[in-house]
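Asks: got a predicted model here, sequence first, then my questions.
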Amino acid sequence: MASSATGDGMSEAQTSKKPKKTKNQVDESELLTVPDGWKEPQFTKDDNPRGLLEESSFATLFPKYREAYLKECWPLVEKALGEAHIKASLDLIEGSMSVCTTKKTFDPYAILRARDLIKLLARSVPFEQAVRILQDDVACDIIKIGTLVRNRERFVKRRQRLIGPKGSTLKALELLTSCYVMVQGNTVSALGPFNGLKEVRKVVMDTMKNIHPIYNIKTLMIKRELSKDPDLRAQSWERFLPKFRHKNLAKRKEPKKKSVKKEYTPFPPPQPESKVDKELATGEFFLRESVKKRKKMEEIKVKQAEALTKKQEERNKAFIPPKEKPLMKKTTKAPAEGKIDIEAIKDKVKKAKTKKLGAPPVNQAPPNSSTTNKKKKSKTKNKG
């Protein structure tokens, strides 16, 4: 009885523990997911009332063609940075912009945002877009593409492929990633949320590696539709995404004669035998000079005889008659079925004669006697 009681107690304890585990798991999943519409609280002066201990500053150069625009919009830059108590200065002689903290600055991260602002302005990003970097949920990424492709013409083509016809590809990328993208020179400046910047960098790097941006745009469109379904959040999306095959059309030409590398050996190659060594091996070294000369003459005569036979064979080739083709037996044509109509053929020949130019008609009427007499009289008159 006691054993049964203890068994019942253990089973109750196990059943009571199971729902606790599920509750803990639910709590962890809730902690990992960010609730909709949640925003991080803004950093205020109350969070850091004493300010910063040290002064921080950053400077960046800008190209000559940006001088006029920066001079025009610099008061707006100073006003935007003045709200975060950051001092900005523009040096037109050196062609540089600099930002630094003041005693009133309370946000330690504000100087880094100011540094990104002047970087974006130097990279031809308009002020209206660059000011967004001062917001908490906005970041920037300046992607360097100048060194990714060696050939300059190929680089220009791939950069233009990223922009697309009338900027359509770039506009589609901006709508899908909710980022502002600016292609200028050897860099691509992107401004927007963190997830969007990650996708923009991937598309840009793939485009410079000769992968068309339309493939990445297609995957982004599918991902956007899948993210709307709450049931698919915990599942893998690989079965929905398209799989594109790489086609290497232009293959590298292989050489006709491939040089096979020999196996490496630490020992040097054997020294080639000299003329004396060869004579010693054959026993010619110990022969007299007269015997050596006779042997050489015999070798020369053998070579001459071989050359003569070759020449004679070439001469005799001209006298060899060519091979005649076998005569083909003439095949007699089978007689046409039915008898030939001879009268019909005769009629055709007569008609053909009448059609010929200058040929007399077949049934020509004999000339009248009266007409012949008149002709004779006219001839006599002419004579008289």
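Replies: Structure's in. What do you need? Computed from a predicted model, the values in this text were never measured in an experiment.
Asks: let me see the ranges of the helices in the stretch 51-200 of the chain.
Replies: Secondary structure of the stretch 51-200 of the chain (DSSP state H, counting those that start in this stretch): helices at 67-82, 110-122, 127-130, 152-163, 168-177, 194-208.
Asks: kindly apply the preceding question to the stretch 251-384 of the chain instead.
Replies: Counting by DSSP H, counting those that start in this stretch, the helices of the stretch 251-384 of the chain are 275-282, 289-316, 342-355, 369-383.
Asks: need the helices of the stretch 51-200 of the chain in TSV with mean neighbour count, mean pLDDT and distance to residue 288, can you?
Replies: For glycine as for every other residue, the C-beta is placed from the backbone atoms N, C-alpha and C. Listed next are the helices of the stretch 51-200 of the chain as TSV, based on neighbours: other C-beta atoms under 10 Å; pLDDT from 0 to 100; distance: least, C-beta to C-beta, whole Å:
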stretch	mean neighbour count	mean pLDDT	distance to residue 288
helix 67-82	14	94	100
helix 110-122	22	95	95
helix 127-130	17	94	103
helix 152-163	15	94	76
helix 168-177	17	94	93
helix 194-208	18	93	81
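Asks: of the ones you listed, which is nearest residue 258?
Replies: Shortest distance between residue 258 and the helices of the stretch 51-200 of the chain, using C-beta to C-beta, is found for helix 152-163: 29.0 Å.
Asks: now for the closest one, which elements pack on it?
Replies: In terms of contact count using 3 or more C-beta pairs under 8 Å, 6 or more residues apart in numbering; DSSP states H and E, helix 152-163 is assigned the packing partners helix 168-177, strand 180-184, helix 194-208.
Asks: still on that earlier bit, same list (the helices of the stretch 51-200 of the chain) but as a markdown table, adding distance to residue 187.
Replies: A markdown table is the format used below for these (distance: least, C-beta to C-beta, whole Å):
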| stretch | distance to residue 187 |
| --- | --- |
| helix 67-82 | 17 |
| helix 110-122 | 10 |
| helix 127-130 | 14 |
| helix 152-163 | 10 |
| helix 168-177 | 14 |
| helix 194-208 | 10 |
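Asks: out of those, which is closest to residue 310?
Replies: The minimum distance between residue 310 and those falls on helix 152-163, with 58.0 Å, by C-beta to C-beta.
Asks: what does the closest one rub up against?
Replies: 145-146, 148-149, 169-170, 183, 188, 203-204, 207-208, 210, 212-213 (C-beta atoms under 8 Å, 6 or more residues apart in numbering).
Asks: equivalent analysis for stretch 188-206, please.
Replies: With C-beta under 8 Å, 6+ apart as the test, stretch 188-206 has contacts from 120, 123-125, 129-130, 132-133, 137-143, 145, 148, 162, 173, 176-182, 213, 215-217, 220.
Asks: the same query, at a cut-off of 6 Å, please.
Replies: Contacts of stretch 188-206 from elsewhere in the structure, counted by C-beta atoms under 6 Å, 6 or more residues apart in numbering, are 120, 123, 125, 129, 139-143, 145, 177-182, 213, 216.
Asks: can you check stretch 343-350 too?
Replies: So stretch 343-350 is in contact with no residue, going by C-beta under 6 Å, 6+ apart.
Asks: which stretches of the protein aren't confidently modelled?
Replies: Along the chain, segments meeting pLDDT under 70 span 1-34, 246-252, 329-339, 355-384.
Asks: now, of the contacts of stretch 188-206, which are buried?
Replies: Of all these considered here, the ones buried according to neighbour count by 16 or more other C-beta atoms under 10 Å are 120, 123, 125, 129, 139-143, 145, 177, 179-182, 213, 216.
Asks: please, where are all the strands along the stretch 1-150 of the chain?
Replies: The residue ranges that make up the strands of the stretch 1-150 of the chain, judged by DSSP state E, counting those that start in this stretch, are 57-61, 86-91, 96-101, 139-144.
Asks: reformat those as CSV; add distance to residue 262.
Replies: As requested, these are exported to CSV (distance: least, C-beta to C-beta, whole Å):
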stretch, distance to residue 262
strand 57-61, 55
strand 86-91, 65
strand 96-101, 60
strand 139-144, 44
